[in-house]
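Colleague: Need a 3D model of the sequence below.
(one chain, ligands or ions: 2)
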Amino acid sequence: MSSRPIRPRRSALYVPAANAKAVAKAETLDCDTIVFDLEDAVAPDAKADARERLRAHFRTHPESRKERIIRINALATDYGTEDLLAARGCIPDAILIPKVDVPQHVGEVAEALAQTDAPDTLRLWAMMETPKSLLNAAAIAQAGETTGSRFDCMVVGTNDLAKDLRMPGVDRAALRPHLAQLVLAARAYGLDIIDGVFNAFRDEVGFASECAEGVAMGFDGKTVIHPAQICRANSAFGVSPAREAAAADIVAAFELPENRAAGVIALDGRMVERLHLDEARRTLALAALQRGD
Ligand code: COA
Ligand code: MG
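Modeller: Ligands and ions are numbered 1, 2, ... in the order given. Sure thing, here's the model as predicted:
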């Protein structure tokens, strides 16, 4: 339903922009996406230095094979406007707006970017992490239709969500209905959506299980906080060789002369419809991008 280009977003690594070592290291890691953070991972006294660090980083690394995102503070805060100007100057792939409650929070950043003649390639992403973002999820997702084509992706903030809902911890079972609402809203309007972080970054088993749940729910990838989580997120959300081979079989089957006009065929004892063909083509495109073809 969406004409947005396909981007692999299996792993999106948060990098505190105040941490010089982490900023430099991020470019060398295997994550699909880097989210340079000016918001919650940066203490108030370090905000100005963090902006300068990002400016210098993008000056010295104007190109990257990764998708690069800058998370700013909300425009309503003391830091928002300066963050937005700094991020605009860096020209990342997208600016991530935190604590989006209503569609206007996306609209006002889109408007500010339009006023500075920002290139269309500079996209907008939204953090979905407040009770209002849950209540307004469909209207926020729909904002993509009124903010030009900039709005691209939602990112779930499970720590903020659990805190605002007064959950005693980040309990996935309790969060599941809310997460499902967010995936639904994103899919209804053709946006990508990335799952929240897993705080216990040394717990490999717990992380793997949460990734598997995110895959099953339809998320495109996982936000990660530590390099040790990247590989597992890539493999959980990536296209496996078996899935790629199955997709290739479906495409090949519909290309047979006797099946070209068919709506539904049988393949290896299963019913395969044209909707599966669309999905198979998308899977093959994603697999090629993951390999860097
Ligand atoms: N991005 C890039 N590099 C990172 C990193 C990150 N998010 N987290 C850790 N590293 C690097 C460290 O700099 C270190 O590099 P080195 O081997 O070259 O010295 C290496 O990975 C190992 O780090 P480690 O010592 O295991 O972790 P730590 O104790 O230094 O940091 C955290 C732990 C959680 C503080 C850190 O991972 C972090 O800040 N994560 C991001 C937090 C964040 O952005 N939160 C906001 C969104 S929820
Ligand atoms: Mg948050």
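Colleague: For the residue lying farthest from the centre of the chain, which three-state class applies?
Modeller: Ranking residues of the chain by C-alpha distance from their mean position (CA atoms, centre = their mean) puts residue 258 at the top, at 40.3 Å. Under DSSP: H, G, I helix; E, B strand; the rest coil, residue 258 falls in the helix class.
Colleague: So which bits of the chain are right by ligand 1?
Modeller: Contact residues (CB under 6 Å from any ligand atom) of the chain with ligand 1: 13-16, 21-22, 25-26, 37, 40-41, 197, 225-227. Any C-beta I mention is one placed from the backbone N, CA and C, and that applies to glycine too.
Colleague: Go through those and say which is closest to residue 253.
Modeller: Taking CB to CB as the measure, residue 253 lies nearest residue 13 of these, at 38.3 Å.
Colleague: Phi, psi for the nearest residue to residue 292 once chain neighbours are set aside please.
Modeller: Nearest non-adjacent residue to residue 292, counting by CB to CB, 6 or more residues apart in numbering: residue 65, 7.5 Å away. Backbone geometry at residue 65, expressed as degrees, to the nearest 10, gives phi -80, psi -10.
Colleague: Count the residues that sit near residue 65.
Modeller: Residue 65: 8 surrounding residues under other CB atoms under 10 Å.
Colleague: Same question for residue 235.
Modeller: By the criterion of other CB under 10 Å, residue 235 has 13 neighbours.
Colleague: and what of residue 78?
Modeller: Using other CB under 10 Å: residue 78 sits among 9 other residues.
Colleague: Would you mind giving the secondary structure of it?
Modeller: Going by three-state DSSP: residue 78 is coil.
Colleague: could you show me where the strands are in the protein, in order?
Modeller: Here the chain has its strands, by DSSP state E, at 11-16, 33-37, 67-71, 94-97, 123-128, 151-156, 192-195, 221-224, 264-267, 270-273.
Colleague: Turn these into a markdown table, including mean neighbour count.
Modeller: Formatted as a markdown table, the strands of the chain follow (neighbours: other CB atoms under 10 Å):
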| stretch | mean neighbour count |
| --- | --- |
| strand 11-16 | 26 |
| strand 33-37 | 25 |
| strand 67-71 | 24 |
| strand 94-97 | 25 |
| strand 123-128 | 26 |
| strand 151-156 | 27 |
| strand 192-195 | 25 |
| strand 221-224 | 28 |
| strand 264-267 | 14 |
| strand 270-273 | 13 |
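Colleague: export those to a markdown table and tack on distance to residue 253 and mean pLDDT?
Modeller: As requested, the strands of the chain are exported to a markdown table (distance: least, CB to CB, whole Å; pLDDT from 0 to 100):
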| stretch | distance to residue 253 | mean pLDDT |
| --- | --- | --- |
| strand 11-16 | 32 | 98 |
| strand 33-37 | 34 | 98 |
| strand 67-71 | 33 | 98 |
| strand 94-97 | 37 | 98 |
| strand 123-128 | 36 | 98 |
| strand 151-156 | 33 | 96 |
| strand 192-195 | 29 | 98 |
| strand 221-224 | 29 | 98 |
| strand 264-267 | 5 | 96 |
| strand 270-273 | 7 | 97 |
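Colleague: I'd like to know which of those strands lies nearest to ligand 2.
Modeller: strand 123-128 (5.8 Å; CB to the ion).
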